[in-house]
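Chemist: What would the 3D arrangement of this be:
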Amino acid sequence: MKRNYTFTVIFILTNISAQSYNNDFDHVWQDLPWGDGGYFPASSIISMEGPFDADGDGQQEFLISSSWTGAIGNDMGIYEVAGDDSLELIWYVDLINYGINLPSNVSKATTADLDNDGLLEVLLIIDVSPDNFNGAGAAGTDYDSFSVWEFDSTTGSFPTIPTTTWDMAVTDVIEVGEIAVDDIDGDGVQEVAVSLTTGWDESTGLFNAGRFMIFSLDQAYTLETAVWNIEMIDLTTTVAPGYLTRITDLDNDGLKEVIFVAWEWFRLIIYEAIIGDVYIKETDFYVADQATHFCSGGAFEANFDGDETNELYFVTTQSYAGTIPYEDGNLYVLTNNGDISEMNFTDNVHWLYSFPESSFGYDMRGLAVGNQDSPLGQNPDGADIYIAGGWTGNIYNFEYTGDDITDPNNYSLDTLWSAPNYGSNDSWFRPSRIVTGYFDDDNLGDILIASMDYENFNTPHVVWLEHDYEYVNIQYDEHFSNPKDFDLMAVYPNPFNPKTTIQFNIVNKSKVLLQIYDITGRLVETLLDRIMLHGNHEIIWNAENLPSGIYFSIITSGNLIKTHKLILMK
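Modeler: From the prediction side, this is the model:
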């Protein structure tokens with residue numbers, strides 16, 4: 001029923017200068033549980049990326065890889081939006097063929113364009129090792145840890161076998177951290193940053209070798225003949241697994257940082273790119289005073305208060321091992337004074353909230369930023385921090401209300417969604433990863449949630465939530481313009497790189513607002529905000545400084561609003 005109200009509500013809201021939207025979300029889609037015939041994902045999801053549009057058809061896609069079930073699971077696939085409130089699986093790889101055969105195997109995946117040819121690649125790192133503790137194969141096996149599948153424009157899909165693989169210059173990969181990709185050093189080539197644990201002493205039960213790596217594809221070679229340049233490798237800082245990797249510019253100086261977080265004590269190690277292929281370790285400090293404050297909870301960069309520096313929001317999670325006491329999971333914000341090298345725990349790590357151990361608060365997992373309670377193209381209310389609650393089955397919404405970002409009183413907490421019972425006491429959906437955006441064409445905020453459950457046949461593993469604001473009571477001006485007075489005529493080319501032309505027609509003189517938003521609903525650029533005379537008009541948008549992805553042009557005239565989806569493919 002709410003689809004009948006979508007366009008009406010959109011133009012009504014354009015008359016409101018300061019909005020406050022409800023926090024009601026509908027559970028609109030889920031994948032099939034195993035017990036109902038579903039087969040993907042085959043296990044716990046701790047890696048989900050998106051949205052992106054590899055095939056350029058205007059439909060958003062999401063990459064998922066599963067972990068932790070060995071021979072009965074571990075796979076990777078891509079879901080694509082298939083109309084209103086629906087996803088379909090369009091690509092699938094069974095990772096059993098890549099050395100997965102132990103219950104503890106972990107895989108992490110993301111997308112990139114390492115060879116700069118405009119075709120996306122899927123990047124996958126698996127813990128493949130002859131070690132029986134956490135590796136993939138028995139002694140004597142030889143599986144490469146790093147695999148790349150490049151999109152094939154002739155078939156309109158990714159291939160079923162990797163375009164290239166690489167051993168990452170290590171014999172064993174025992175633990176795999178998250179993969180972060182960007183042009184870190186500004187040389188026009190994407191780099192891959194990752195943390196690996198590469199050694200385990202079975203006699204002591206301790207890790208004894210690890211590394212932080214930044215590498216790139218040598219541009220003189222194709223992916224089929226790949227040669228990899230290791231731009232930075234740190235073998236000495238820590239041997240603890242590093243599950244969290246982020247690329248940021250916290251001090252806003254134009255030089256990007258790579259943040260690695262070691263597992264125990266939530267140890268932050270930050271490198272900054274100085275010039276091409278040169279990285280300096282700027283700071284290294286601990287967030288927690290206990291080894292069990294782990295780092296698999298997620299993090300994101302933001303600037304909610306609009307000052308001259310950016311912040312990093314992150315959560316700590318507790319061990320679920322029975323031998324280690326459970327403790328509260330915490331939400332923090334990391335600030336800086338404009339000099340990364342001076343960053344430290346005492347001055348820059350600010351506590352915001354504790355999730356009590358009594359409510360499974362030890363298990364905070366994914367963390368994402370968005371404003372999915374604000375309709376696309378409208379003035380958003382406070383930024384929302386979405387937290388995956390793991391074993392709680394909850395998605396928490398921690399909303400910024402303004403002023404000092406380090407003051408916990410300037411945020412409000414709400415349980416956005418609680419997983420239903422799927423048939424028995426242990427039939428829990430256990431949120432682990434979150435992706436936000438506007439996935440289909442209804443301008444409603446969307447949240448995609450993945451589950452880390454791998455034990456129950458009655459529970460789905462992917463859930464789609466969509467904002468529902470049909471019951472918001474808003475007073476509005478009853479005098480509306482004639483729809484024929486205004487029209488968005490065309491956007492061409494689309495897809496584009498890096499320029500596109502937006503054409504529109506004004507019948508009567510009026511004020512026109514033309515803005516570009518990204519997939520999260522963040523305002524990217526205002527192209528036009530002035531009185532326009534009647535006639536045909538066109539504006540050229542140059543997106544050369546923006547990453548590939550899906551954007552939206554929102555044009556408003558009087559009480560009317562028109563939206564067009566734009567696809568930037570570099």
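
Chemist: so who does the nearest residue to Ala226 once chain neighbours are set aside touch?
Modeler: Excluding the flanking residues, the one nearest Ala226 by Cβ to Cβ, 6 or more residues apart in numbering is Thr164, at 4.5 Å. Every C-beta, even on glycine, is put in place using the N, C-alpha and C of the backbone. Thr164 makes contact with 147-148, 223-224, 226 under the criterion Cβ atoms under 8 Å, 6 or more residues apart in numbering.

Chemist: didn't Thr165 look like it was pressed against Trp149?
Modeler: No. Assessed by Cβ atoms under 8 Å, Thr165 is found out of contact with Trp149, at 10.2 Å.

Chemist: Could you check which of the two has the larger neighbour count?
Modeler: Neighbour tally, Thr165 and Trp149, criterion other Cβ atoms under 10 Å: the higher count belongs to Trp149, 24 against 16.

Chemist: hang on, the earlier thing: which pair in the contacts of Thr164 spans the largest distance?
Modeler: Ser147 and Glu224 (13.3 Å; Cβ to Cβ).

Chemist: between these two, who's got more neighbours?
Modeler: Ser147 (25 against 9).

Chemist: First-to-last residue distance for stretch 182-197?
Modeler: 22 Å (Cα to Cα, to the nearest Å).

Chemist: model confidence over that stretch, on average?
Modeler: Throughout stretch 182-197, pLDDT has a mean value of 94.

Chemist: what do you get for stretch 45-61?
Modeler: Mean per-residue pLDDT for stretch 45-61: 93.

Chemist: Compute the first-to-last residue distance for that stretch.
Modeler: Note: stretch 45-61 ends 16 Å apart using Cα to Cα.

Chemist: so what's in contact with Thr165 and Trp149 at the same time?
Modeler: Common neighbours of Thr165 and Trp149 (Cβ under 8 Å, 6+ apart) do not exist.

Chemist: ok, Phe304 to Ile387 distance?
Modeler: Relative to Ile387, Phe304 is positioned 16 Å away (Cβ to Cβ, to the nearest Å).

Chemist: Those two: which has the busier surroundings?
Modeler: Neighbour tally, Phe304 and Ile387, criterion other Cβ under 10 Å: the higher count belongs to Ile387, 28 against 20.

Chemist: Checking that one next. Helix, strand or coil?
Modeler: Of the three states, Ile387 takes strand according to DSSP: H, G, I helix; E, B strand; the rest coil.

Chemist: Not counting residues beside it along the chain, what's closest to it?
Modeler: Tyr396 (4.2 Å).

Chemist: is the residue nearest to Ala226 in a bridge, and if so with what?
Modeler: Beta-bridge partners for Thr164, by DSSP bridges, are Val148.

Chemist: From Thr316, how far off is it?
Modeler: 36 Å.

Chemist: Then Trp265?
Modeler: Look at Trp265 and Thr316: by Cβ to Cβ, they are 10 Å apart.

Chemist: neighbour-wise, which of these two wins?
Modeler: Ranked by neighbour count (other Cβ under 10 Å), Trp265 and Thr316 place Thr316 first, with 26 against 21.

Chemist: That one is in contact with Trp351, isn't it?
Modeler: No. With contact defined as Cβ under 8 Å, Thr316 does not reach Trp351; the gap is 10.3 Å.

Chemist: where do the contact lists of the two overlap?
Modeler: 330, 332.

Chemist: Output the below-cut-off pLDDT ranges for the stretch 451-570 of the chain.
Modeler: Applying pLDDT under 70 to the stretch 451-570 of the chain flags the ranges 469-489, 558-560.

Chemist: One more: the stretch 1-150 of the chain?
Modeler: For the stretch 1-150 of the chain (pLDDT under 70), the answer is 1-21, 69-73, 97, 99-104, 129-142.

Chemist: just the helices in it please.
Modeler: Listed in chain order, the helices of the stretch 1-150 of the chain (DSSP state H, counting those that start in this stretch) span 6-13.

Chemist: Same check on the stretch 201-350 of the chain?
Modeler: 345-348.

Chemist: where does it have low pLDDT?
Modeler: 202, 205-206, 241, 289-297, 318-327.
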